[in-house]
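Q: I need the structure of the sequence given here:
(2 chains)
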Amino acid sequence: MDAVFKALADATRRELLDRLRAENGQTLSELCERLAMSRQAVSKHLAILEAANLVATVWRGREKLHYLNPVPIGEIYDRWIGNYERARVAALADLKRALEEKSDD
Amino acid sequence: MTEATKPQLVYVTEIRATPEQVWQALTDPVFTARYWYGTRLESDWQTGSPILFRKPQGEPDEGTVILADPPRTLVFSWKVNFGPLQGEPASRVTFTIERAGEAVKLSLVHDEFEAGSKVYEALKGGWPGILAGLRKTLEG
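A: Sure, this is the predicted structure:
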């Protein structure tokens, strides 16, 4: 999970994920278009995204196609939305208890 | 639309398990029911054999094992027999299991959709949850 957060902690890499969300299955060349950055730099960012499993790749002949892989982000959501819900329920329970104690006075 | 740009769904997940455990989770109906929204995948998993996808309700989906190479590669066709999706021809699912250090990298490619496929749109939302559930089933 560290790899996922490190990979997401960079605006260029988030931009690459946005571009794949808009159009999945792009090659390195396609992803380099309109990015003011060297091919090598983009390639390095993609490697970090791939290592974190945020990008999945498939070879088509000699071309590597890049796909946004939402599975790790879904797992982060599941992990903390669950806890957040429990925390909210606990907070409401505390509030209720506090109010009831007050009315007992 | 050219051959090269046909839509395909591509996902990957890493699971702390052995390749054999992942293979079992993909091919044992008791396991598949736990993460595949209650669907039991029934087959003898020999190349060429039929597959039935028994859902909690409705007609089962049908498929054929295109290639079974345990515990590495599983390729099958899948014809969805669900309401508005049932008129579409079968699409193709490829699972690849590779060791990745202490874990296993499970890759999924779902392709050979017809143009404007509704199954593609439906599975786009479904696969991430199925894969996350598969991982949870194995990792506990």
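
Q: tell me the secondary structure for the spatially most central residue of chain B?
A: Against the mean C-alpha coordinate of chain B, by Cα atoms, centre = their mean, the closest residue is B:V93 at 5.6 Å. Under DSSP: H, G, I helix; E, B strand; the rest coil, the three-state class of B:V93 is strand.

Q: Please verify my assumption that it contacts B:W78.
A: Yes - counting by Cβ atoms under 8 Å, B:V93 touches B:W78, with 5.6 Å between them. Placement of C-beta: from N, CA and C, glycine included.

Q: Which of the helices or strands spans the spatially most central residue of chain A?
A: Closest to where the C-alpha atoms of chain A average out (Cα atoms, centre = their mean) is A:I73, at 4.4 Å. Here A:I73, judged by DSSP states H and E, is contained in helix A:71-104.

Q: what's the average pLDDT for that helix?
A: Averaging pLDDT along helix A:71-104 gives 74.

Q: And for stretch B:110-126?
A: Stretch B:110-126 comes out with an average pLDDT of 92.

Q: wait, does it contact chain A?
A: No - using Cβ under 8 Å from any Cβ of the partner chain, stretch B:110-126 stays clear of chain A, with a minimum separation of 9.1 Å.

Q: How far away from the center of its chain is that stretch?
A: Distance, stretch centre to chain centre, for stretch B:110-126: 13 Å (Cα atoms, centre = their mean, to the nearest Å).

Q: Only the buried residues of that stretch, if you could.
A: Counting neighbours by 16 or more other Cβ atoms under 10 Å in any protein chain shown, one finds that the buried residues in stretch B:110-126 are B:110, B:112-113, B:117-120, B:123-124.

Q: Check stretch A:13-29 too.
A: Those buried within stretch A:13-29 under the rule 16+ other Cβ under 10 Å are A:13, A:16-17, A:19-20, A:24-26.

Q: Then stretch B:67-79?
A: Neighbour count says stretch B:67-79 has B:68, B:71, B:74-79 buried, by 16+ other Cβ under 10 Å.

Q: Show me which residues of chain B are close to chain A?
A: Contact residues, chain B versus chain A (Cβ under 8 Å from any Cβ): B:4-5, B:7-14, B:107, B:109, B:128-129, B:131-132, B:135.

Q: which among the residues you listed end up buried?
A: Taking 16+ other Cβ under 10 Å as the criterion, what is buried in the residues of chain B next to chain A is B:7-14, B:107, B:109, B:128-129, B:131-132, B:135.

Q: Between those, which sits nearest B:Q24?
A: Sorting those by how near they are to B:Q24, with Cβ to Cβ, puts B:R135 at the top with 14.1 Å.

Q: where does A:N24 land in three-state SS?
A: A:N24 - assigned by three-state DSSP - is coil.

Q: was I right about it contacting A:V58?
A: No - A:N24 lies out of contact with A:V58 (Cβ under 8 Å); the separation is 10.6 Å.

Q: Can you check which residues contact both of these two?
A: Jointly contacting A:N24 and A:V58 under the rule Cβ atoms under 8 Å, 6 or more residues apart in numbering or on different chains are A:67, B:10.

Q: Mind listing what's buried along stretch A:32-48?
A: Within stretch A:32-48, the residues that count as buried by 16+ other Cβ under 10 Å are A:32, A:42, A:45-46, A:48.

Q: can that stretch be found next to chain B?
A: No - in terms of Cβ under 8 Å from any Cβ, no part of stretch A:32-48 sits within range of chain B; the closest distance is 13.9 Å.

Q: do stretch A:15-26 as well
A: Yes - Stretch A:15-26 reaches chain B (Cβ under 8 Å from any Cβ) through A:24-25.

Q: quick one: pLDDT of B:T2?
A: What the model reports as pLDDT for B:T2 is 39.

Q: swap in B:T5?
A: At B:T5, the pLDDT value in this model is 55.
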